[in-house]
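Colleague: Okay, predicted coordinates and the sequence, questions at the end:
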Amino acid sequence: PAQAPQGLMASAEGERSPAELAELVERLRQSGLRLDKEGSWWHEGSRVEHPGLARAFHRWLEQLGPEAGEHAGRFILRLDAERYCYVDVDDAPYVVRTVEREGEGSETRLFALLSDESREELDYGSLRVGADDALYCTVKLRFSARFARQAQALLADFIDGQGEGFVLRAAGRQFEILGS
């Protein structure tokens, strides 16, 4: 008969203590999954090549809130209310792969195509400059997204210098780029 991995079976005395169960659950949540700064998924050092699986990982991606105590802010893949595993995120959890334009002139609206293949209008007021002069914005109302170099270059036509910083002109308005 197959042997269960050490630590998964109950003690000789019977049931596990609540502390033992909590420790076991924490160990099982260590997934070996990592999301790199380019938006690619990795599992224990090997790139996740299946596009459907990568899209699913992005759909399941969440961030633990303050109720998680010492784990608050940690990224997870959530399957349901109780089942989730931890994910290591190198930078922002999403990447803006490219930018699409709609409209003409000063009324042009800009749309971000994200690493999970979703599309949403750019949150213009959230634009900021980060490490290595990369642009970032907020997506999905709560997550940070790093612009790929190609996407950042597509914004050049809409960015102007103003004083010591930069602004983005789109959607009939002007938006300061924070940290510039």
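Modeller: Perfect, thanks for sending it.

Colleague: separation between the closest residue to residue 102 other than its chain neighbours and residue 100?
Modeller: Ranked by C-beta to C-beta, 6 or more residues apart in numbering and with sequence neighbours excluded, the top spatial neighbour of residue 102 is residue 109, at 4.8 Å. Any C-beta I mention is one placed from the backbone N, CA and C, and that applies to glycine too. According to C-beta to C-beta, to the nearest Å, residue 109 stands 9 Å off from residue 100.

Colleague: Over to residue 171?
Modeller: For residue 171, the distance to residue 100 (C-beta to C-beta) stands at 14 Å.

Colleague: And these two? Which one has more around it.
Modeller: Using other C-beta atoms under 10 Å as the criterion, residue 171 and residue 100 rank with residue 171 on top: 18 against 14.

Colleague: quick one: pLDDT of the residue lying closest to that one once chain neighbours are set aside?
Modeller: Spatial nearest neighbour of residue 171, excluding adjacent residues (C-beta to C-beta, 6+ apart): residue 109 at 5.1 Å. At residue 109, the pLDDT value in this model is 96.

Colleague: Now residue 109: phi and psi?
Modeller: Phi and psi for residue 109, reported as degrees, to the nearest 10, are phi -100, psi 150.

Colleague: For it, give me its contacts.
Modeller: Residues counted as contacts of residue 109 (C-beta atoms under 8 Å, 6 or more residues apart in numbering) are 101-103, 121-122, 170-171.

Colleague: Residue 53 too?
Modeller: By C-beta under 8 Å, 6+ apart, the contact list for residue 53 reads residue 41.

Colleague: Three-state assignment for it, please.
Modeller: Secondary structure state of residue 53, per DSSP: H, G, I helix; E, B strand; the rest coil, is helix.

Colleague: ditto for residue 110
Modeller: Relying on three-state DSSP, one would call residue 110 strand.

Colleague: Can you report phi and psi for the closest residue in space to it that isn't next to it in sequence?
Modeller: Excluding the flanking residues, the one nearest residue 110 by C-beta to C-beta, 6+ apart is residue 122, at 4.4 Å. Phi and psi for residue 122, reported as degrees, to the nearest 10, are phi -60, psi 140.

Colleague: And residue 122, how far from residue 38?
Modeller: 20 Å.

Colleague: So which of those two has more stuff around it?
Modeller: Neighbours of residue 122 and residue 38, each counted by other C-beta under 10 Å, are more numerous for residue 122; the result is 25 against 12.

Colleague: ok, now which ones touch the more buried one?
Modeller: 99, 109-112, 137, 170.

Colleague: Let me have the residues you listed in CSV, adding distance to residue 28 as columns.
Modeller: Shown next, in CSV, are the contacts of residue 122 (distance: C-beta to C-beta, whole Å):
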residue, distance to residue 28
99, 40
109, 45
110, 42
111, 39
112, 35
137, 34
170, 46
